[in-house]
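J.: With the sequence up front, the predicted model follows.
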Amino acid sequence: MSEKYVSLRNLTLSYGKTVAVPNLNLDVVEGELIALLGPSGCGKTTTMRAIAGLLTPTSGTIAIDGRDVTRVAANKRGIGLVFQSYALFPHLSAFENVAFGLRLQKMPETEIRQRTEAGIATVGLAGFEKRKPAEMSGGQQQRLALARSLVMEPKVLLLDEPLSNLDARLRLEMRTELQRVQKKTGVTMVFVTHDQSEALALADRIVLMKDGKIEQLGTPHQLYAEPATAFAAEFMGFENIFRVQGENLVSDFGQLPLGFKATSPMLAWRPSGVQVGQGPLNGRVSASSFAGGHREYVIDTALGQIKADAPIETLEVPLGENIAFDLPKSNARQLSE
Amino acid sequence: MKNLTSWAIIGLTLTFLIGPFIIIIFAGASAGESLAFPPDGLSLRWYLKVFTIESFRQSFVLSMGLAIFGTLAALLLGIPAAYALNRYELPGAETIRTVVASPIIVPGIIVGLALLRYMVIPLDVTVTVALFMAHTALVLPYAVRVVSSSLNNLRSDMEEAAVLLGCTRLQAFTKVVLPNIRGGVLAAFILGFVTSFNQVPVSLFLSGPGVRTLPIDMLAYMEITYDPSVAALSALLAFMSLAIVFIAERLLGFSRYV
Ligand SMILES: Nc1ncnc2c1ncn2[C@@H]1O[C@H](COP(=O)(O)OP(=O)(O)OP(=O)(O)O)[C@@H](O)[C@H]1O
Ligand SMILES: [Mg+2]
């Protein structure tokens, strides 16, 4: 098991004069499912295309399984890519779509047949062999695209937001499906998403990207519990992020006294980490909505708006009324800038 | 009232569009000796006579050959051109598009004269070669345009998918792009064929002794013999064009591409 199965070294990627990804360093462990997570335009697709060989790096190297492939053509790298749009071949049946790559390898017809059928079965599409892509649902097309890449037994399988075109229910179903296929085949997967819950649910490790750079890299648990920067914290659901100045929390709007001594330049609380109903601080309820297990408050304070989730048992405070709250030390996440 | 007006307009339009066609059909079916409408009695003798006129037979073969091979040549040039214009950010792509389209923008008379003066005479090519080159050039704009529009509907990530599955760029083109623009290519072929076959002004300048396209030959024939056979032939040709377009529409929804 190689720790550096895919290895990006000082990779710079640009479109003409605009640099999309400056100096990226990343190692992907063999057999893991790693997620590239980040907001739109942060360079996720660009990085994928470079790994696949569809985009030539301006500088830096890409190695796969110990071999430098920076100058190797896309069709010789042994990498699979599932496109966001699936990019299925509309003129071919499901069977022929999956068999496409195998046929190019000039293998005997019986082997093509056998591997294609196995691939189609793996993604649960047995019986759909004769359908054209246009005659299949979004989820089925997505699975077909997955099968088409999988039968090639790629060294690495790249997936570019493969679930973003699916409705919520199907997306959950396909998540499980992807995990199952990954465990079954053991293929190294790099998965692009801008949905943090998807990354958290699926990945062995998450690469959080911002402006073409890695903001933080870690297991889902590490990122969720210990985001290091304000950007990471925001992505991981810490909606209340403030600067620390001496004994106070400050924002662009004003300040509030902090009840304890902070050692970091910033502090963050999840809505669920804000204590509502009692505490030394005060604000006015400006929005309140029932969310099943809890009630979501938006509280107007001297710091601006604070989002707080109150357990459903606590007394409801009507809109416009004063509400007491606390930003407790135990729930505070310390952040660097 | 409003309804009546719109029907009147539709009726007039149809009369002017289809009227001449009907007149030609009947003028050709005349039993008399000269071209006239209404016809002098009805018979099919002129429709049959058309097939016995040697010069018509020769020029029909020439026109057919020009239409088929000129259009094929135009597609051979036009498909890669359309592909390149579509897929790569070429400097001056707009200019290239305009230049390629110029044979349909510039009047045929001028194209014909220019070809005669600056190609046929200085290069001393044979009439057939000159006609072939002219027809190829005339059909090229249609080939580029129609193929372009079907390429526009084809996402380029499909080719990338093919490459990642092991295709070379060329294989990706032949195995994925071509099959998916087949309809557009066929439409371009039919449009080019009909355009080339009916082409008059350019061929007028380039036709030489003994080598004439069918429309030019018909003009020449009429100058000498004013009998209904020309009308009969025109009607037959119109039916041929109609049949081709009808079949094309049935087979692949031709009108989507034009
Ligand atoms: N073909 C291109 N030409 C010029 N700039 C591009 C091109 N493709 C992407 N970019 C730029 O490169 C940067 C990274 O784009 P990229 O497509 O990698 O983002 P992404 O993280 O995949 O975003 P999304 O989540 O929206 O798909 C963006 O700023 C984008 O504007
Ligand atoms: Mg993207």
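T.: Perfect, thanks for sending it. Ligands and ions are numbered 1, 2, ... in the order given.
J.: Show the pLDDT at the residue of the stretch 51-200 of chain A found nearest chain B.
T.: Taking C-beta to the nearest C-beta as the measure, the point where the stretch 51-200 of chain A comes nearest chain B is A:G101, at 3.5 Å. The way it works is simple: take the backbone N, C-alpha and C, and place the C-beta from them, glycine included. As summarised for this prediction, A:G101 has a pLDDT of 93.
J.: do the same with B:F254
T.: Looking at B:F254, its pLDDT reads 58.
J.: do you know how far the residue nearest the centre of chain B is from chain A?
T.: The C-alpha lying nearest the average C-alpha coordinate of chain B belongs to B:T195 (C-alpha atoms, centre = their mean; 1.6 Å). Noted for B:T195: a distance of 28 Å to chain A, by C-beta to the nearest C-beta, to the nearest Å.
J.: Please list all residues in contact with that residue.
T.: Applying C-beta atoms under 8 Å, 6 or more residues apart in numbering or on different chains, one finds that B:T195 lies in contact with B:138-139, B:142.
J.: At the contact with chain A, which residues of the stretch 51-200 of chain B appear?
T.: B:155, B:157-158, B:160-168, B:171, B:175-176, B:179-180, B:182 (C-beta under 8 Å from any C-beta of the partner chain).
J.: okay, the contacts of B:T195 in JSON lines with distance to A:R67, neighbour count and pLDDT next?
T.: Supplementary listing: those in JSON lines, determined by distance: C-beta to C-beta, whole Å; neighbours: other C-beta atoms under 10 Å in any protein chain shown; pLDDT from 0 to 100:
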{"residue": "B:L138", "distance to A:R67": "54", "neighbour count": "26", "pLDDT": "89"}
{"residue": "B:V139", "distance to A:R67": "50", "neighbour count": "31", "pLDDT": "91"}
{"residue": "B:Y142", "distance to A:R67": "49", "neighbour count": "27", "pLDDT": "89"}
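J.: now the residues you listed as JSON lines including secondary structure and distance to A:T70?
T.: Below are those laid out as JSON lines (DSSP: H, G, I helix; E, B strand; the rest coil; distance: C-beta to C-beta, whole Å):
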{"residue": "B:L138", "secondary structure": "helix", "distance to A:T70": "48"}
{"residue": "B:V139", "secondary structure": "helix", "distance to A:T70": "45"}
{"residue": "B:Y142", "secondary structure": "helix", "distance to A:T70": "44"}
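J.: which one of these is nearest A:E30?
T.: Taking C-beta to C-beta as the measure, A:E30 lies nearest B:Y142 of the contacts of B:T195, at 54.4 Å.
J.: so that closest one sits right up against B:A188, yeah?
T.: Yes. Because the distance of 6.0 Å satisfies C-beta atoms under 8 Å, B:Y142 is recorded as touching B:A188.
J.: okay, now the residue of chain B found nearest chain A: neighbour count?
T.: Distance from chain A to each residue of chain B (C-beta to the nearest C-beta) is smallest for B:L165, at 3.5 Å. When neighbours are counted by other C-beta atoms under 10 Å in any protein chain shown, B:L165 registers 28.
J.: thinking it is in contact with A:Q105, fair?
T.: No. Distance between B:L165 and A:Q105: 9.5 Å, which falls outside the contact criterion (C-beta under 8 Å).
J.: any idea how far B:L214 is from A:A99?
T.: Relative to A:A99, B:L214 is positioned 48 Å away (criterion: C-beta to C-beta, to the nearest Å).
J.: What is the neighbour count of the residue of the stretch 51-200 of chain A closest to chain B?
T.: Applying the criterion other C-beta under 10 Å, we find 25 residues in the vicinity of A:G101.
J.: Please apply the same query to the one 5 residues further on.
T.: Counted with other C-beta under 10 Å, residues neighbouring A:K106 total 7.
J.: Now for A:D160: which residues touch it?
T.: With contact taken as C-beta under 8 Å, 6+ apart, A:D160 is in contact with A:44-45, A:48, A:81-84, A:192.
J.: please redo it, this time with the cut-off set to 7 Å
T.: Contacts for A:D160 (C-beta atoms under 7 Å, 6 or more residues apart in numbering or on different chains) come out as A:45, A:48, A:81-84, A:192.
J.: what's the neighbour count on whichever residue of the stretch 151-300 of chain A sits closest to ligand 1?
T.: When C-beta to the nearest ligand atom is the measure, the stretch 151-300 of chain A has its nearest residue to ligand 1 at A:H194, with 4.8 Å between them. Other residues near A:H194 come to 18 when the count uses other C-beta under 10 Å.
J.: hey, which helix or strand in the chain has the poorest pLDDT?
T.: Just so you know, I chose chain A. Comparing every helix and strand of chain A by mean pLDDT, DSSP states H and E singles out helix A:168-185 as the least confident one, with a mean of 83.
J.: wrong one, I was asking about chain B
T.: helix B:93-105 (a mean of 81).
J.: so B:I109 touches B:P201, yeah?
T.: Yes. When contacts are counted by C-beta atoms under 7 Å, B:I109 is listed as touching B:P201 (4.8 Å).
J.: Neighbour count: the two, which is higher?
T.: For the pair B:I109 and B:P201, the greater number of neighbours falls to B:P201 (16 against 13), based on other C-beta under 10 Å.
J.: can you pull the pLDDT of the more buried one?
T.: As predicted, B:P201 sits at a pLDDT of 86.
J.: Tell me, how many residues neighbour the spatially closest residue to it that is not a sequence neighbour?
T.: Nearest in space to B:P201, with sequence neighbours left out and distances taken as C-beta to C-beta, 6 or more residues apart in numbering or on different chains, is B:G108 at 3.1 Å. The burial metric for B:G108, expressed as a neighbour count using other C-beta under 10 Å, is 18.
J.: again with A:K213
T.: Other residues lying near A:K213 total 15 when counted by other C-beta under 10 Å.
J.: ok, so of the contacts of A:D160, who is nearest A:L125?
T.: A:V82 (14.4 Å).
J.: near ligand 1, which residues of the stretch 1-150 of chain A show up?
T.: Proximity of the stretch 1-150 of chain A to ligand 1 is assessed by C-beta under 6 Å from any ligand atom, with A:15, A:18, A:20, A:38, A:40-46 identified as the residues in range.
J.: could you flag which of those are buried?
T.: Of the members of these, the ones counted as buried by neighbours, 16 or more other C-beta atoms under 10 Å in any protein chain shown, are A:20, A:38, A:42-46.
J.: quick one: which of those sit in strands?
T.: A:A20 (DSSP state E).
J.: near chain B too, which of the contacts of A:D160?
T.: Restricting those to those within reach of chain B (C-beta under 7 Å from any C-beta of the partner chain) leaves A:81, A:83.
J.: what's the lowest-pLDDT member of the contacts of A:D160?
T.: A:Q84 (85).
J.: Look at that residue and give its secondary structure.
T.: Taking DSSP: H, G, I helix; E, B strand; the rest coil as the rule, one finds A:Q84 in the coil state.
J.: what number of residues lie near it?
T.: A:Q84 is surrounded by 17 other residues when neighbours are defined as other C-beta under 10 Å.
J.: Give me the distance between it and A:V28.
T.: Applying C-beta to C-beta, the value for A:Q84 to A:V28 is 20 Å.
J.: If anything else comes up later, I'll come back, but that's it for now.
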